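1. Kindly generate the corresponding structure for this input.
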Amino acid sequence: MMTESRGRGSNLFGEVAPESTTRSPPRLPSDPGKPAASSPRRSMEETSESDSGSARGTKRKRVTEPRDRDSAGSGSDSSGSPFRRPKAPLMPICTEEDGTVLYGFTDDQDVMDRYHDDMQKYIKKRDRHKRMLTLAPSSVTERRTFKETESVLKYAESVLSLSAYLDGKMINQCTGIVVEVDAFRNSAIILTSTWLFCTKKPLDDWTKKEYATEAKVNVHMLDDSTLECRLMFFSEHYEIAFFEISGDISLKTLSLERNVELGQDVFLLARDTNLNLIYKRDKVQLVDPCEHQQNHYQFLNGPIPQCGTGGGVLDAGGKIVGMLFYKLPLVAFIPSSLILKCSTMWQHFRQLARPQLGLKLRTLAFLDIPRIELMSRKFSISSGLIVGEISAKCDAEKLGIRAGDIIFSCQKERISSIVQLEHVLLGAGEEHLEKSNDLSSKVEVETMKMLRQKEARERKGPQQLHVKQSHEECGGDLYP
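-> Sure, this is the predicted structure:
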């Protein structure tokens, strides 16, 4: 999807380098590219106040004062005295039969008062030392090589932090990934989550959210400066967003990798609210979304803070295989393959089209092995998607699909995972747009299912389904 520099051509979103200050319309990611720069940053409140009234995408401000002297590493007092525990004022009390001398504190009250004062100073200095970057306790538990450490630090240069403001008040703070840099235009494209500017965030992902697309969004660079950016494109359904920053920037990119396997070893990179790096090794889990979560999520153990939303899931080679979302009970991510599919469709048509089924799905392969074996023996089916819930009066319900049915093909393509179904649906939407259809029309989708009651296969299709680019809703009356 991303290349480091495109010269005097078009960027990731198809934007042509301008001859003047006039901006051409945005365009989107297509092919993978490479790894961004690093340094610290100032507080969100400071950013909001100092950047108000600045020209969009051009003003940067460097902050030289640390946010917190203790966290900045101020570990000794003004005198710079050595760090020593005060010696206890002890005196001999008695001698045991074997000649051992026992000691106790002196009876001199002035000496004891000085000792207690010195001990308090010692404790305060010790606590300051513990907050120093170089002396703070390490949470490292895994083994890694120096080469692995160097690689992670290089990848971290492409991981930034973004904050959104509406009427001077912060909406949210998220992580962002640099996915394209255009050296000729002095611009870069950052991938993040729509959660950044989401003003209504119901717990249920199937419920419609509200977004402040007019919000002011700042990118907090690693050199302690900020740049205001502009929204290029976002998808309500997949909750992904692309922003562009312009100015005197020096960044690298991380490329998106299409393939991610269940059980694959990965690591997470994100930023906390102080721009500190969040790094964690993890493994792609073999679990389905909960009832309140969208079908297309895959999962990790996590955890990450909310500001880690928009961070990257990377494979061993440093390629982005997914983008993080703060979810409970497990951390979710959307696979990069879907991000690339969306960006390609936007690049070509300036809109997304996806048939909406109104189904909550589960993966048959995640069932216990004895049940899979029984279904394979009885019905010759060992893969597919189980319908968990279905919205009343939705298109899928009109097809006769009910909870408990198994969908094992769509558009004559065998389906074994939810992500695979999402690709098929996006592909059907793309073909729909290629025929110059708009979103008010319908697309034909063919499915095959195993009927729960008849315990037999039935081909359904082609059937007419609504095509939308808004997020899919599945709620209200549900068929059991």
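
2. Pretty sure His292 is one of the things Leu203 touches, is it not?
-> Yes: Leu203 lies in contact with His292 (Cβ atoms under 8 Å); the separation is 6.0 Å. Every C-beta, even on glycine, is put in place using the N, C-alpha and C of the backbone.

3. Between the two, tell me which one has more neighbours.
-> Using other Cβ atoms under 10 Å as the criterion, Leu203 and His292 rank with His292 on top: 15 against 8.

4. confidence score at the nearest residue to that one once chain neighbours are set aside?
-> Counting by Cβ to Cβ, 6 or more residues apart in numbering, Asp204 is the residue found nearest to His292 once chain neighbours are left out, at 4.5 Å. The model reports Asp204 with a pLDDT of 86.

5. Lys378 now?
-> 86.

6. Could you report the neighbour count for it?
-> With other Cβ under 10 Å as criterion, Lys378 counts 9.

7. for it, helix, strand, or coil?
-> helix (DSSP: H, G, I helix; E, B strand; the rest coil).

8. What is the neighbour count of the closest residue to Asp107 other than its chain neighbours?
-> The shortest distance from Asp107 to any residue other than its chain neighbours is 7.7 Å, reached at Met91 (Cβ to Cβ, 6+ apart). Using other Cβ under 10 Å, Met91 has 11 neighbouring residues.

9. so how far is Asn172 from the residue nearest to His292?
-> 18 Å (Cβ to Cβ, to the nearest Å).

10. For Ile278, which residues count as its bridge partners?
-> Counting by DSSP bridges, Ile278 is bridged to Ala270.

11. tell me the contacts of it?
-> Counting by Cβ atoms under 8 Å, 6 or more residues apart in numbering, Ile278 touches Thr175, Leu268, Leu269, Ala270, Arg271, Asp272, Ile304, Pro305, Gly308, Gly311.

12. give me every residue that touches the third one.
-> Contacts here follow Cβ under 8 Å, 6+ apart; on that basis Leu269 touches Val152, Tyr155, Ala156, Val159, Leu277, Ile278, Tyr279, Gly311, Gly312, Leu314.

13. I'd assumed the second one was in a helix, is it?
-> The one in question is Tyr155. Yes: counting by three-state DSSP, Tyr155 is part of a helix.

14. Isn't it up against Leu314?
-> Yes: using Cβ under 8 Å, Tyr155 is in contact with Leu314, at 6.3 Å.

15. Which neighbours do the two have in common?
-> Going by Cβ under 8 Å, 6+ apart, residues that sit against Tyr155 and also against Leu314 are Leu254, Leu269.

16. what's the average pLDDT for stretch 265-281?
-> Across stretch 265-281, the per-residue pLDDT values average to 95.

17. Could you pull out the buried residues of it?
-> Within stretch 265-281, the residues that count as buried by 16 or more other Cβ atoms under 10 Å are 266-272, 274-275, 277-280.

18. Same check on stretch 321-340?
-> For stretch 321-340, using 16+ other Cβ under 10 Å, the buried residues are 321-327, 330-340.

19. related to what we said a few turns ago, what's the farthest-apart pair in the buried residues of stretch 265-281?
-> Spatially, the most separated pair among those is Val266 and Asn274, at 24.5 Å (Cβ to Cβ).

20. Show me the shaky parts of this structure.
-> Where the chain drops to pLDDT under 70, the residues are 1-82, 137-143, 437-480.

21. how about the helices in it?
-> With DSSP state H applied, the chain shows helices at 44-51, 109-130, 146-156, 336-349, 369-379, 395-398, 418-434, listed in chain order.

22. Please name every helix or strand in contact with the last one.
-> Spelled out, that is helix 418-434. helix 336-349, strand 354-355, strand 359-363, strand 406-410, strand 442-450 (3 or more Cβ pairs under 8 Å, 6 or more residues apart in numbering; DSSP states H and E).

23. Ok, the second one next?
-> Here helix 109-130 touches no other helix or strand, going by 3+ Cβ pairs under 8 Å, 6+ apart.

24. what's the neighbour count on Met132?
-> 15.

25. sorry, back to before: considering the contacts of Leu269, which possesses the most neighbours?
-> Gly311 (33 neighbours).

26. how near is that residue to Leu374?
-> On the measure of Cβ to Cβ, Gly311 and Leu374 end up 41 Å apart.

27. go on, Asn274?
-> 53 Å.

28. So what does the most far-flung residue of the chain relative to its centre have for phi and psi?
-> Largest separation from the mean C-alpha position in the chain: Glu97, at 70.2 Å (Cα atoms, centre = their mean). The phi/psi pair for Glu97 (degrees, to the nearest 10) reads phi -60, psi -30.

29. Number the chain from 665, please
-> OK, 665 is where the count begins now, so the last one is Glu761.

30. if I pick the residue lying closest to Pro969 once chain neighbours are set aside, what's in contact with it?
-> The spatial neighbour of Pro969 that comes closest, neighbours along the chain excluded (Cβ to Cβ, 6+ apart), is Asp936 at 6.1 Å. In this structure, Asp936 makes contact with Ile942, Pro969, Cys971, Gly972, judged by Cβ under 8 Å, 6+ apart.
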